[in-house]
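Q: sharing a model that was predicted from the sequence below.
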Amino acid sequence: MNRYIGISLNDDYTCICINDKTVSRFQPTVIAKDKKEDEWTIGEDAYKATLAGSGVIVDKLLSLLEKNGTATISRIKYNAVDILAHYFHELLGKDSGGSEDDIVAVSIRKPGREIVNKLKEALIRAGVHENNIYIVSHTESFAHFVLDQDSSLYNRMVGMFELNNQCLYYYEMHVSRGTRRYVMVGSEAEEEAFNLDILKTASGGKIADKILSTVAERVMSKNSYSSVFLSGRGFQDTNFATNFMNFICKRRRVLIEPGMFAIGAEIYVKNMADGKNDEYMILCDTRCNSDVSVKVLVNEKIETLPIVRAGESWMDTSASYEMILDDQDFIDFQVTSITKPQRPLRLRMMLDTFPQRESRTTRIRMSTEFADADTLRVTVKDLGFGDLFPASDKEIVEEIDLSEK
Amino acid sequence: MGLLLCNKGARHPFYYEKLDIDIWSIQELSYVIYRYPVIIPSDFVDHKLTTWIRDELSMGILAAKLEQFMGAGDDTDQERLLLMILRESNYYTQVEISRFESEYKKLRNIDRHVFLNMLGDTYFRMGRYGRAIESYEESLLAEVDTGVQMKLAGTYVTVMQFRKAADLYEEVYVTTVSQEPLRKLYFISKLEPSVNTIEKYLDTIDVETLADWEQEYDNVQAKAEHDERAMEIFDLYQKSHSEFREHAKIMVLKWKREYRAKI
């Protein structure tokens, strides 16, 4: 039987949800290696092993990965991917798991191309099949989680507060039910983040309540919300935040799910495995928010060739097409933002530095790939026209800014 | 005007002997058919080509259609097969394809010597001078034509066979008493002083005409001296003699290769 696994990963803790979107469990993101044997323990067990003096602990694993760091344990140097591979191996119980196929989505705060590749490598080395690995952002996990709830919870704006150690984020989701149904999700870090240790005392709890109330009043102002969600370890118990809860509960429903990102990730892989298409196109930090196309001639008719489709993961979006220039030395791109479809942007890429040849004897290869979420890199290479008109191999590279300014 | 969307090209090319080139895509194949219909033989579309279209271009439907029509094997079928390739290539417009169709029909009804003359012209345009010479010679065997003789002589000049060229120009002059072959003979004597056929006919040319030819030759020579390639070599010679010698070796080899390719 397949296991559908959602993992929310940060330096502080890991939350995992396996096959059941109602159950998630937390554990510290730490790993320890036995000083003598090749045995690894994670979470609370890692702390225990370290306290017992039998293990050497490594923490802040995500930062280690981002910085390409290393850890030397018993005179052996491990790089970050090695450490993460052992961590995932233990987390997924790969030794005891038998032969089931794991389909895993890992949710992290800011998935860039480099860290995504490293996470994938670590998961592959932990025994997960390459095709069964997905990396999403917390923002995207939030969207998957909300869209899995009753639709009355997201018929207007949805807000969400994430509270973890030194981490306070506000998320917002807008739903559009026009001709193209989409949800637009964004998040912002709040400067008032605090250490969760202050919640251990009553006075600290009051300060925390005051901070949260101030932030909520500022970010929510008088907007109309269908629902507000609370997530993160800080909201495992909300008794300290009386004023905050009173404010956010006014005229809207409030739902608390500390393991929301892991559950959202699990919902995502389960839906994909079941072949369920998203009812709403999700526009967020991991998805393209515009359609990009080029006009081409096919049998003398002008057709639109889509290069990028809004709602696709920008990290997995790349394309390569071969075309022949018919009496023109440029490519016109049309960029249509989903949120402003009535005002498409037209951009021209000049190819006039390619060799001059008779019409229809210059073949080009146009490759597109995202440099980051807002930048589409276009590379056009002159292929000539076979042996008849040899290629110059000249390349022109330009970037298209897709950010909505 | 626009961008023609193409399939990916072949991983292995189709070698076309007549042109001595490798063809890598359906568009290149269409280009060769359209631009050089004279050199397309009546058995051009064969199983070797359809296999390449199927396996390398992944155009199985076109290959199957071509094979279906290949059975009869007469000239009409060949024309239909070529048109099928042009239509499927997303390269030429319907108007251009119709134009090709009528030109191709005309080609099939012309006299053999005219056909061979056109074949020679096509090879000459493509820089395949050896084959152009063969075609012009065959044309002349079928029917003597001073126009073809002039072209054949011009081709000999291009491959620096000045003696043969001079004999032909002289033959044309004797037949037509036209001044053009004499002009050519004059320039040959400039390029290769040992071929001095022109001396026999200098008395028949007035002084003014000779002065004009001399001026024309000087102009062309001056232009050639300032050609980018010539200037490059000259600069290299001025800069360093040893470097020039190294470069010269490479250039001579390159010119030899180019000359061999011409014939």
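A: Nice, I can see it.

Q: can you pull the contacts of the residue nearest to B:Glu180 when sequence neighbours are not counted?
A: Spatial nearest neighbour of B:Glu180, chain neighbours left out: B:Met150 (7.4 Å); criterion: C-beta to C-beta, 6 or more residues apart in numbering or on different chains. From N, CA and C alone the C-beta is placed, and that goes for glycine too. Residues near B:Met150 by C-beta atoms under 8 Å, 6 or more residues apart in numbering or on different chains: B:168-169, B:172, B:180-181, B:184.

Q: likewise for B:Thr93?
A: A:Glu300.

Q: residue of the stretch 1-150 of chain A closest to chain B, please.
A: A:Asn131 (24.0 Å; C-beta to the nearest C-beta).

Q: and residue 64, what element?
A: Chain wasn't specified; assuming chain A. helix A:61-66 (DSSP states H and E).

Q: chain B is the one I meant
A: Per DSSP H and E, the secondary structure element for B:Ala64 is helix B:60-69.

Q: what's in contact with that helix?
A: B:26, B:45, B:47, B:49-51, B:53-54, B:77, B:80-81, B:84-85, B:88.

Q: out of the residues you listed, which is most surrounded?
A: B:Ile53 (25 neighbours; other C-beta atoms under 10 Å in any protein chain shown).

Q: where in chain B is pLDDT low?
A: B:72-76 (pLDDT under 70).

Q: please enumerate the strands of it.
A: B:2-6, B:14-16, B:21-23 (DSSP state E).

Q: thinking B:Thr158 is in contact with B:Arg128, fair?
A: No: with contact defined as C-beta atoms under 8 Å, B:Thr158 does not count as touching B:Arg128 (11.1 Å).

Q: find the residues that touch each one of the two.
A: Shared contacts of B:Thr158 and B:Arg128, counting by C-beta under 8 Å, 6+ apart, come down to B:Lys262.

Q: these two - which one has more neighbours?
A: Set B:Thr158 next to B:Arg128 and count neighbours by other C-beta under 10 Å: B:Arg128 wins out with 21 against 16.

Q: roughly how far apart are that one and B:Ser30?
A: 20 Å (C-beta to C-beta, to the nearest Å).

Q: got it, and B:Arg163?
A: For B:Arg163 relative to B:Ser30 (C-beta to C-beta), the value is 42 Å.

Q: ok now stretch A:332-339, how far from the chain's centre?
A: The chain centroid and the centroid of stretch A:332-339 are separated by 23 Å under C-alpha atoms, centre = their mean, to the nearest Å.

Q: now the element after the one helix or strand A:Val380 maps to, going C-ward?
A: If you go by DSSP H and E, A:Val380 is part of strand A:375-387. Counting by DSSP H and E, the element after strand A:375-387 in chain order, helix or strand, is strand A:395-401.

Q: leaving out chain neighbours, which residue sits closest to A:Asp372?
A: Closest to A:Asp372 by C-beta to C-beta, 6+ apart is A:Gly112, at 7.3 Å.

Q: list phi and psi for that neighbour.
A: Reported as degrees, to the nearest 10, the phi and psi values for A:Gly112 are phi -90, psi 170.

Q: and for it, the neighbour number?
A: Using other C-beta under 10 Å: A:Gly112 sits among 14 other residues.

Q: over to A:Met157?
A: 17.

Q: could I get the phi/psi values of it?
A: Per degrees, to the nearest 10, the backbone of A:Met157 is at phi -70, psi 150.

Q: contacting residues for B:Glu101?
A: B:79, B:83 are the contacts of B:Glu101 under C-beta under 8 Å, 6+ apart.

Q: what's the separation between it and B:Gln94?
A: 10 Å.

Q: one more: B:Asn117?
A: Counting by C-beta to C-beta - B:Asn117 and B:Gln94 are separated by 30 Å.

Q: not counting sequence-adjacent ones, nearest residue to the single nearest residue of the stretch 151-263 of chain B relative to chain A?
A: Nearest to chain A, among the residues of the stretch 151-263 of chain B, is B:Ala261, at 12.0 Å (C-beta to the nearest C-beta). Nearest residue to B:Ala261, sequence neighbours excluded (C-beta to C-beta, 6+ apart): B:Gly127, at 7.7 Å.
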